[in-house]
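Engineer: Sharing a model prediction with you, sequence too.
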Amino acid sequence: MKKSQGITWTLKMASYAAILGIAMFWIGTTGASAETLNIGGNAMPPWSMEDGPDGAGINVDIVREAAKRAGYDTTYKVVPFKRKLEDFRQEAIDVDPGSNPQWRTDDKDISVYSIPFYESFNVVLVRKDSGISAETVQDLKGKRIGCLAGHNYTDGFQEAFASGDLLRDDANSHESNVKKLNAKRVDGVIIDQETAGYIIKELGLNPDDFTPAYAFQTKSVLHIRLHKSKEALLPKLDAALQAMKDDGTIQRIVEKYTK
């Protein structure tokens, strides 16, 4: 082989190697896909609801942001509550966005949980002009209290309803209860503060017309519930959630819906 031919052959091989290297890099980068977390929600504003331009609810927005920081993609769908639980069991969804081990004991073998990211609690919301305040359940004796149909309540309220010390007035939604309270058809309603803030804003009512008369001692500690098949993703999600707590992101998401 002549020297000039050898140089040409060497240059051609170098060019082929460079092209092959670029091709392999392109395949490696475009072929790699981020892990996807499939989130399931049910209609429970402001915690989870249909997707919209401003978000899909407190819990869903928190999960999405944590997943983004951890490097994971997400999908989201809204289904009835019982369907959401079944979808989780069938691995049609991976994430129950705002949950607690005490609420999902039937699924403990297939569930893992993130660090707690938020605490919520119920209050007895009253109209400010009623003058009602209470340190104990008995301080509300004789009052008509709006409740959600089928729900049981802690702090002695369930017992007070059963004995007749408190009058229970059931509705099928928190919105109906707040409307009854605003119309003075009930003396108070049991509701978490975040939902109260959201509904008062959505109904266009004046938040200064309402106040908590009693704060429940029992807290709802919220976690991300992850299907056990995704357990390996928890460390990065936990780190993201902790950073979001520390930098105020979680509180800002809550306030977006409730103020």
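Structural biologist: Cool, got the structure. Numbers count the residues shown, from 1 in each chain.
Engineer: Poorly predicted segments of this structure, please.
Structural biologist: Where the chain drops to pLDDT under 70, the residues are 1-33.
Engineer: Now do the same contact list for the most centrally placed residue in the chain.
Structural biologist: Taking Cα atoms, centre = their mean as the criterion, N59 is the residue nearest the geometric centre of the chain, at 1.6 Å. Residues in contact with N59 (Cβ atoms under 8 Å, 6 or more residues apart in numbering) are 41, 47-48, 97-98, 222. For glycine as for every other residue, the C-beta is placed from the backbone atoms N, C-alpha and C.
Engineer: In terms of helices and strands, where is it?
Structural biologist: helix 58-70 (DSSP states H and E).
Engineer: That helix: how far from the chain's middle?
Structural biologist: Chain-centre distance of helix 58-70: 9 Å, with Cα atoms, centre = their mean, to the nearest Å.
Engineer: And for stretch 177-186?
Structural biologist: A distance of 27 Å separates the centroid of the chain from that of stretch 177-186, by Cα atoms, centre = their mean.
Engineer: and what of stretch 39-51?
Structural biologist: 8 Å.
Engineer: just stretch 163-179 next, same as before
Structural biologist: Centre-to-centre, stretch 163-179 and its host chain are 25 Å apart (Cα atoms, centre = their mean).
Engineer: Can you tell me how far the closest residue to S111 other than its chain neighbours is from P207?
Structural biologist: Distance criterion Cβ to Cβ, 6 or more residues apart in numbering; nearest residue to S111, sequence neighbours excluded, is R225 at 5.4 Å. Distance from R225 to P207, counting by Cβ to Cβ, to the nearest Å: 32 Å.
Engineer: With neighbour numbers in mind, choose between these two.
Structural biologist: Taking other Cβ atoms under 10 Å, R225 and P207 do not tie; R225 has more neighbours (23 against 13).
Engineer: My read is that that one contacts V95, right?
Structural biologist: Yes. R225 lies in contact with V95 (Cβ atoms under 8 Å); the separation is 7.0 Å.
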